[in-house]
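Undergrad: whatever this is, show me its structure:
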Amino acid sequence: TGVVPFVALLLLQRRPVAGRALLVSGSGCPGHSLCRSNVQEQTRRQVALLNATAQELFSLYLKCQGEPFSSETDKLCNPAGIFFPAFRVNRTSERKEVMVAMYKLFAFLNASLGNITRDQEELNPTAKELLERLHNTTKTTRGLISNLTCLLCKNYNIFQVDVRYGDSSKGKNTFKRKQQGCQVLRKYVQVIGQAARVLLPHLSPS
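TA: Presented below is the predicted three-dimensional model:
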């Protein structure tokens, strides 16, 4: 294990790795300068947007992969065999615990989206709508990670979080690459709804 710089976490994460994600430089949080004034509302909107668009992204992904993914979705896209961050918090969990779980989830998702986007740019370079949605989802996820970083630092002085990432699809054949993306996005659809239900009440205005 090692320390993964926050910028590298966002931009370079393409391999399976377990380590401590360094959210900010230095030995602690830099105070409130990291946060925008509307960070809590912005975070709520980002989670709501990801939740609202997840099923559409998954459906479009399936359509662009063709057969047998469209007709055997339940079998081929079953996410049981892949790693995905455990999400054991609920509405009664402490806010701090919820925020840490969210960071782990969306850091993992950001890396996975990068992996899926890279594969689709190679396998389906003419699927403009899918690629645009993948890029937009990644952009929203990165903004959300930035806001979660701010909230963890500002409210709890947390600047390191243990994060584990999934397997890279590099070196796998075309079918396996398509399948891995399908499994990750299927699990994402399942988890983002739960995440929104748990997180949004914690971010409601006082």
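Undergrad: mind listing the strands for this structure?
TA: With DSSP state E, the ranges of strands along the chain come out as 3-5, 18-22, 160-164.
Undergrad: and Y61, what does it touch?
TA: With contacts defined as CB atoms under 8 Å, 6 or more residues apart in numbering, Y61 is in contact with I116, Q120, L130, G181, C182, L185. C-beta: built from backbone N, CA, C; applies to glycine.
Undergrad: can you tell me which of these are in helices?
TA: Per DSSP state H, helices hold the following members of the contacts of Y61: I116, Q120, L130, G181, C182, L185.
Undergrad: and the furthest pair within those residues?
TA: Across those, the longest distance by CB to CB is 12.4 Å; it joins L130 and C182.
Undergrad: need the helices for this protein, in chain order.
TA: Here the chain has its helices, by DSSP H, at 6-11, 39-65, 73-76, 95-123, 128-156, 174-202.
Undergrad: what is the mean pLDDT for stretch 163-176?
TA: Averaging pLDDT along stretch 163-176 gives 88.
Undergrad: give me the buried positions along it.
TA: Using 16 or more other CB atoms under 10 Å as the test for burial, stretch 163-176 gives V163, R164, Y165, G166, S168, S169.
Undergrad: can you check stretch 38-45 too?
TA: In stretch 38-45, counting by 16+ other CB under 10 Å, buried: V39, Q40, Q42, T43, R44, R45.
Undergrad: quick one: low-confidence ranges for the protein?
TA: 1-34, 205-206 (pLDDT under 70).
Undergrad: will you turn the buried residues of stretch 163-176 into TSV that also has distance to A52?
TA: Shown next, in TSV, are the buried residues of stretch 163-176 (distance: CB to CB, whole Å):
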residue	distance to A52
V163	25
R164	27
Y165	25
G166	24
S168	29
S169	27
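Undergrad: which of the residues you listed lies closest to L62?
TA: For the buried residues of stretch 163-176, the closest approach to L62 (CB to CB) belongs to S169, at 16.9 Å.
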